[in-house]
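Student: Provide a 3D model corresponding to the input given below.
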Amino acid sequence: MVAYYLVLLINFTAQAVTLLMLAYAILSWVAKPWNQIRLFVDRISEPLLAPIRRVVPLVGLVDISPLVLILLVQLIARVFVSIIYLVF
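Tutor: Reported below is the predicted structural model:
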C-alpha cells in the first residue's frame, strides 16, 4: 500500500515538473516579460533550470535546458518507480 502511494507521488511530481517546463517554454514565446503569470512561472522554474544551464550550452540561440530537465525528471522518476516495484 505504501509503495502505491509512493509511486503516485513520484509520478505526480514528474508530471508537475513537466507541465511547469512546458508552461515556461510556451510563455517565454508568447507572453511579455512583465506578464504576472510568466513572472510566477519564471520564479518557480529558474531554481530548477539554473544548474542545468551551467552545464548545457545554448544550441544556436535556443535554450534547451527545459527539455533536458524534462528528460532528467522523467528518467529519474522511472528509475525510482522501478526500484520501488523491485523492493515492494
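
Student: Quick check: next helix or strand after the longest helix out of those in the chain?
Tutor: Determined from DSSP state H, the single longest helix within the chain is helix 2-30. The helix or strand immediately downstream of helix 2-30 is helix 36-55, counting by DSSP states H and E.

Student: so what does that next one touch, helix or strand wise?
Tutor: With contacts taken as 3 or more CB pairs under 8 Å, 6 or more residues apart in numbering; DSSP states H and E, helix 36-55 sits against helix 2-30, helix 65-87. Placement of C-beta: from N, CA and C, glycine included.

Student: Leaving out the residues flanking it, which one is nearest to the residue nearest the centre of the chain?
Tutor: Centrality entry for the chain: nearest residue to the mean C-alpha point is residue 17, 3.5 Å, by CA atoms, centre = their mean. Leaving aside its sequence neighbours, residue 17 sits nearest to residue 73 (CB to CB, 6 or more residues apart in numbering; 4.7 Å).

Student: Isn't that neighbour up against residue 18?
Tutor: Yes: between residue 73 and residue 18 there is a contact at 6.7 Å, judged by CB atoms under 8 Å.
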